[in-house]
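K.L.:
dropping a prediction and its sequence here:
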Amino acid sequence: MNPPDKQEDQRMSDRRKSTRRELLAAGAAIAGGAAIAAGVSRGSGDTRSITTAPGRPTLDEVDVLVVGGGPAGIGAAIGAARKGAKTLLVENHSFFGGVAAWASWYINHSGTADMGRVDATDPIERSRAECNSRRQALQMIRAIRESASPELQRIEWIGSGPQVSVRETRRVKGAYVITEEDAMSGRKFDDAIAWRSGFLDPGGQRGAKFVKMKVHDVPYRAIVPEKLDGLLMAGRCISTTHIGAMAGKSMGNCMATGHAAGVAAALSAKRGVMPREISVRDLQDSLRADGVDLEMKDRDQ
């Protein structure tokens, strides 16, 4: 048997051989927002379930795996951990917070406007968008330095986000799809687990309008995949239409769905059932115990 220090060296060596892609293959990964995998693996009905990929190393065993450390992922991890679930939060960058941590209080510009709509799932297009954005940021600094103000002439570029911020990429279809009509009418659902507020924000798309919507519910069915078990969605990748996604991508709204998904995953793991099989009423009671107001009688903003 190896001495303790050599055993630890071997474990660290094994971890170095395992890439992040291999780690996520053993759990769940959804682009955009957060994916929450509960610690059960059997399927139910005609659905498929999350299982460990053959030949992949098992680096840890947890009740709830949260993939993505943005506002939704943080909400999910805290929500699950507070309910007693052993929780692991995996993040691509060296920090948590997503866009909230990338933001600068100095310049916030849309460097890809001249490119039109960018497919953020295409690495070539995304790389081009990042190059254009950094180039434009430098051009803006140079232009500001030509100001008559002595203070602005000394302006320095002290940093930028690690990558371009993505408004929308992939979404997972759930048992219910949230629509523009739901947002504008302030729709209520019996299985509400969060609500969204703010504006219907098209992000400068031609012909689209920036309008105030009504407070509307997010049903539990919109964070449960239609045909995949052992997984919940939160944040930007919940089940919505294209316009419906514009109504809920702000950080507060994402954190709310993340919190609900984390609590649901913890209940699923604790009871040994699939997320779609838990009692929505029990989930709602657990959320209310955390201080969540699911009624929201005043839907106007």
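P.N.:
Sure, I can see it. The model shown is predicted, which means the values in this text are computed figures rather than measured ones.
K.L.:
drop to CA atoms for contacts and neighbour counts, all remaining ones
P.N.:
OK.
K.L.:
these two touch, right, Pro275 and Pro225?
P.N.:
No. Under the criterion of C-alpha atoms under 8 Å, Pro275 makes no contact with Pro225, lying 9.7 Å away.
K.L.:
who touches both of the two?
P.N.:
231-232 (C-alpha atoms under 8 Å, 6 or more residues apart in numbering).
K.L.:
more neighbours: which of those two?
P.N.:
Pro275 (28 against 22; other C-alpha atoms under 10 Å).
K.L.:
how far away is that one from Ala289?
P.N.:
Noted for Pro275: a distance of 19 Å to Ala289, by C-alpha to C-alpha, to the nearest Å.
K.L.:
mind listing the helices in the stretch 101-250 of the chain by residue range?
P.N.:
For the stretch 101-250 of the chain, the helices defined by DSSP state H, counting those that start in this stretch cover 123-145, 150-153, 180-185, 242-246.
K.L.:
residues of the first one that come out buried?
P.N.:
Buried residues in helix 123-145, counted by 16 or more other C-alpha atoms under 10 Å: 126, 129-134, 136-137, 141, 144-145.
K.L.:
now, which of those sits nearest Ile238?
P.N.:
Arg126 (22.1 Å; C-alpha to C-alpha).
K.L.:
and for that closest one, nearest residue in space, chain neighbours not counted?
P.N.:
In this structure, Arg126 finds its nearest non-sequential neighbour in Ala120, 5.4 Å apart by C-alpha to C-alpha, 6 or more residues apart in numbering.
K.L.:
separation between the closest residue to Phe96 other than its chain neighbours and Asp182?
P.N.:
Closest residue to Phe96 apart from its sequence neighbours, by C-alpha to C-alpha, 6+ apart: Gly69 at 5.1 Å. As judged by C-alpha to C-alpha, Gly69 and Asp182 stand 28 Å apart.
K.L.:
looking at those two, which one has more neighbours?
P.N.:
Neighbour count, other C-alpha under 10 Å: between Gly69 and Asp182, Gly69 has more, with 24 against 19.
K.L.:
show me what contacts the more buried one?
P.N.:
So Gly69 contacts 34, 89-92, 95-98 (C-alpha under 8 Å, 6+ apart).
K.L.:
what's the burial count for Ala148?
P.N.:
For Ala148, using other C-alpha under 10 Å, the count is 9.
K.L.:
ditto for the one 5 residues further on
P.N.:
The criterion is other C-alpha under 10 Å. On that basis, Gln153 has 15 neighbouring residues.
K.L.:
any idea how far it is from Leu138?
P.N.:
14 Å.
K.L.:
repeat for Asp293
P.N.:
45 Å.
K.L.:
with Lys209 instead?
P.N.:
30 Å.
K.L.:
again with Arg288
P.N.:
Counting by C-alpha to C-alpha, the gap from Arg288 to Leu138 is 48 Å.
K.L.:
ok, the residue lying closest to Asp217 once chain neighbours are set aside - contacts?
P.N.:
Leaving aside its sequence neighbours, Asp217 sits nearest to Trp195 (C-alpha to C-alpha, 6+ apart; 4.2 Å). For Trp195, the contacting residues are 215-218, 253, 256, 294, by C-alpha under 8 Å, 6+ apart.
K.L.:
wait, Gly75 touches Gly252, no?
P.N.:
No. Counting by C-alpha under 8 Å, Gly75 stays clear of Gly252, with 9.7 Å between them.
K.L.:
mind jotting down where the strands sit in the stretch 151-300 of the chain?
P.N.:
192-196, 199-200, 211-212, 216-219, 228-229, 231-234 (DSSP state E, counting those that start in this stretch).
K.L.:
cool, and the stretch 1-150 of the chain?
P.N.:
Under DSSP E, counting those that start in this stretch, the stretch 1-150 of the chain gives strands at 34-38, 48-49, 64-67, 87-90.
K.L.:
partners of the third one, with directions?
P.N.:
Read that as strand 64-67. strand 34-38 (antiparallel), strand 87-90 (parallel) (DSSP bridges).
K.L.:
ok, of those, where does mean pLDDT dip lowest?
P.N.:
Looking at the strands paired with strand 64-67, the lowest mean pLDDT belongs to strand 34-38 (a mean of 64).
K.L.:
my guess is Pro225 meets Arg171, correct?
P.N.:
No. Pro225 lies out of contact with Arg171 (C-alpha under 8 Å); the separation is 10.0 Å.
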